[in-house]
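# all I have is the shape, not the residue letters:
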């Protein structure tokens, strides 16, 4: 059975009708889009009904301490798993020198700040900009930075994630890794990694339906030649 339902972006006062529908339809897996704090409330109701799904994907936006707090009453009951799509887990500072450096930077310049997946992606993006800008020398322009970044065929953010081919806009990540929410924090799930922290033996799935087209520079009468 499948179940798909919308809810107000601000959340609802009582998640019981949603939880009851999930239970009635015998839903085994749930992908939740929206505020992960609301998911914590839904899971509390599901757990109170003594209904456990096989898995729940809160999406990797929930990979942070706040979700663990929001779902504290049910995180030991429900199976919350997130795919980091090849990013080094924040908890892996012992096995990853790059992640250790990130922790040290935060401790030095923003003591007390909590790291999340967005922190990893942001630093990787900043490092890419810095490397690309540095290669432009005195000829620093937006176009030069863009072109230099697009030449990276194995960008890892200094070791913060698996290699990405930025020269190919359609290239999908070839490795993944899964973290599981537990009462003791985020832990590596049992997904059988085959290359260090990652699993890289799965062929990426390509969606073939019609999803519309993205807006391009050509749609506004421009091209890359107009980027100065």
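Perfect, I can see it now. For clarity, every value in this text was computed on a predicted model and none was experimentally measured. Numbering: from 1, shown residues only.

# what sits against the residue lying farthest from the centre of the chain?
Each residue of the chain has a distance to the centre, and by C-alpha atoms, centre = their mean the biggest one is for residue 138: 35.9 Å. By C-beta atoms under 8 Å, 6 or more residues apart in numbering, the contact list for residue 138 is empty. In this view, the C-beta of every residue, glycine as well, is placed from N, C-alpha and C.

# checking my notes, it in a strand, right?
No: per DSSP: H, G, I helix; E, B strand; the rest coil, residue 138 lies outside any strand segment and is coil.

# now residue 123: which helix or strand?
helix 117-136 (DSSP states H and E).

# show the pLDDT at the residue farthest from the centre of the chain.
Residue 138 is assigned a pLDDT of 92 by the prediction.

# before we move on, back to that, so which elements touch the helix holding residue 123?
Applying 3 or more C-beta pairs under 8 Å, 6 or more residues apart in numbering; DSSP states H and E, we find helix 117-136 packed against helix 97-109, helix 142-150.

# contacts for stretch 68-84?
So stretch 68-84 is in contact with 36-37, 39-41, 43-44, 46-47, 52-60, 62-63, 67, 117, 176-183, 185-186, 189, going by C-beta under 8 Å, 6+ apart.

# buried subset of those residues?
36, 39-41, 43-44, 46-47, 53, 55-58, 60, 62-63, 67, 117, 176-181, 186, 189 (16 or more other C-beta atoms under 10 Å).

# buried sites along the helix holding residue 123?
For helix 117-136, by 16+ other C-beta under 10 Å, it's 117, 119, 120, 121, 123, 124, 127, 128, 132, 133.

# need the contact list for the spatially most central residue of the chain.
For the chain, residue 60 is the residue whose C-alpha lies nearest the centre (C-alpha atoms, centre = their mean; 3.6 Å). Taking C-beta under 8 Å, 6+ apart, we find residue 60 in contact with 82, 83, 84, 85, 117.

# give me the pLDDT for it.
Per-residue confidence for residue 60 comes out at a pLDDT of 93.

# from residue 124, how far off is it?
Counting by C-beta to C-beta, to the nearest Å, the gap from residue 60 to residue 124 is 14 Å.

# list the contacts for residue 95?
196, 197.

# report the separation between it and residue 64.
In terms of C-beta to C-beta, residue 95 sits 20 Å off from residue 64.

# domains of this protein?
Domains of the chain are assigned by automatic domain parsing as 16-84+176-188, 97-171+211-226.

# grab the nearest non-local neighbour of residue 217.
Using C-beta to C-beta, 6 or more residues apart in numbering and skipping the chain neighbours, the partner closest in space to residue 217 is residue 223 (5.5 Å).

# so which of the contacts of stretch 68-84 sit within helices?
Mapping the contacts of stretch 68-84 onto helices (DSSP state H) picks out 36, 37, 39, 40, 41, 43, 44, 46, 47, 67, 117.

# of those, which is the nearest to residue 28?
Set against residue 28, the nearest of the ones in helices among the contacts of stretch 68-84 by C-beta to C-beta is residue 46 (12.3 Å).
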